[in-house]
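In: Sequence and predicted model, in that order:
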Amino acid sequence: MSHSRALKPLPFAPNAFTLDFDPRWLEPLRQSFFQDLSAYLNAPEQTSLFQGGRLLRQPIARRESPYYLFSYEDYPLLWLSANTALTLSLFWELYKQLNLAQHFAEKTVPPRSLCMYGGFFVVGKQAPQPLWHYDYHLGAAAFTLIVPLFELTPQMGHLLYEDSAGQIQTYHYRPHQALIFGTGFLHSTQPYGPTDTLRVLVSLTFGSEQWQDWPLIKKNIQKQSRYYLLPCGHVAGSCLCEWKHQLQKVLRR
């Protein structure tokens, strides 16, 4: 199997990197998007999903939905989070192919072993104004990966970020290049007007597999998904590993 290329720092950006890879690795996720989401999201009755102004938390079409829909607060930007073992495995395969655990093991202080938490599509049809934010609380040992599922059209916005000098820069999404960033990276979708075509990004969240780091990380992970992996590798809600860790802390006192 071919390998992703060298990790490169994003110029003048705090804690952000790019990683070139074979865009064919996205094909299973493209197939899932077309099979499970495209018809639903493009249906006329779903137009209101992309207008913003309300908080959304809902399955896609049926109870055992392969994806679960979260809005970005009341902003017109949607997370379609993997909601089954099958759909999550598609994101997990990309995580492995990109060799992110090895690339980023030395990017935390101190170095940590890493694991994937979740995967989702980020979908929108407009971005009326910037919405500046950090993905994680300061000091969280976690990272976000973003890459476009399809080439963006000229009408679509890319990504704005604040560089180390406090200046606003633009990162242009490319289907063969992943953008990966951690705590301290201030960014926003670049504003763009309404379009008829869906703007679809792929995103992974990953980070420390040590329980002591989890309380700070999960504050963000829980806002994006209801089906995600814990540091122990189990699906959230399916094990008692976190309780056991807390019990061991108490017993050691």
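Out: Yep, that arrived. All figures in this text were calculated on a predicted structure; none of them were measured in a lab.

In: ok, which stretches of the stretch 1-150 of the chain are strands?
Out: Using DSSP state E, counting those that start in this stretch, the strands found in the stretch 1-150 of the chain span residues 7-9, 16-20, 57-59, 67-72, 75-82, 114-124, 142-148.

In: will you turn these into TSV that also has mean neighbour count?
Out: Bear in mind the C-beta positions are built from the backbone N, C-alpha and C, glycine included. Formatted as TSV, the strands of the stretch 1-150 of the chain follow (neighbours: other C-beta atoms under 10 Å):
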stretch	mean neighbour count
strand 7-9	13
strand 16-20	19
strand 57-59	11
strand 67-72	21
strand 75-82	22
strand 114-124	23
strand 142-148	23
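
In: okay, the ones you listed in JSON lines with mean pLDDT and distance to residue 89 next?
Out: Converted to JSON lines, the strands of the stretch 1-150 of the chain look like this (pLDDT from 0 to 100; distance: least, C-beta to C-beta, whole Å):
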{"stretch": "strand 7-9", "mean pLDDT": "95", "distance to residue 89": "24"}
{"stretch": "strand 16-20", "mean pLDDT": "98", "distance to residue 89": "21"}
{"stretch": "strand 57-59", "mean pLDDT": "92", "distance to residue 89": "19"}
{"stretch": "strand 67-72", "mean pLDDT": "93", "distance to residue 89": "13"}
{"stretch": "strand 75-82", "mean pLDDT": "96", "distance to residue 89": "8"}
{"stretch": "strand 114-124", "mean pLDDT": "98", "distance to residue 89": "9"}
{"stretch": "strand 142-148", "mean pLDDT": "98", "distance to residue 89": "16"}
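
In: Residue 161: which of these is closest?
Out: Closest of these to residue 161 is strand 16-20, at 7.0 Å (criterion: C-beta to C-beta).

In: Neighbouring strands - and their directions - for the closest one?
Out: Here strand 16-20 is paired, per DSSP bridges, with strand 7-9 (antiparallel), strand 177-182 (antiparallel).

In: and these as TSV, adding distance to residue 171?
Out: Output for these, formatted as TSV (distance: least, C-beta to C-beta, whole Å):
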stretch	distance to residue 171
strand 7-9	12
strand 177-182	6
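
In: can you tell which of those is closest to residue 222?
Out: Judging these by C-beta to C-beta, what sits closest to residue 222 is strand 177-182, at 18.0 Å.

In: partners of residue 229 in the sheet?
Out: Beta-bridge partners, per DSSP bridges, of residue 229: residue 235.

In: So which of the strands of the stretch 1-150 of the chain is nearest residue 232?
Out: strand 114-124 (8.6 Å).

In: List the strands paired with the closest one, with their directions.
Out: When DSSP bridges is applied, strand 114-124 pairs with strand 75-82 (antiparallel), strand 199-208 (antiparallel).

In: I'd like those strands as JSON lines, with distance to residue 67 appended.
Out: Below are the strands paired with strand 114-124 laid out as JSON lines (distance: least, C-beta to C-beta, whole Å):
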{"stretch": "strand 75-82", "distance to residue 67": "4"}
{"stretch": "strand 199-208", "distance to residue 67": "12"}
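
In: Would you tell me which of the ones you listed gets closest to residue 218?
Out: Going by C-beta to C-beta, the one of those nearest residue 218 is strand 199-208, 10.2 Å.

In: Now do the following helix or strand past that closest one: everything it contacts.
Out: Once strand 199-208 ends, the next helix or strand along the chain (criterion: DSSP states H and E) is helix 214-221. Helix 214-221 is touched from outside by 117-118, 135-137, 139-142, 205, 207-208, 228, 230-231, 242, with contacts defined as C-beta atoms under 8 Å, 6 or more residues apart in numbering.
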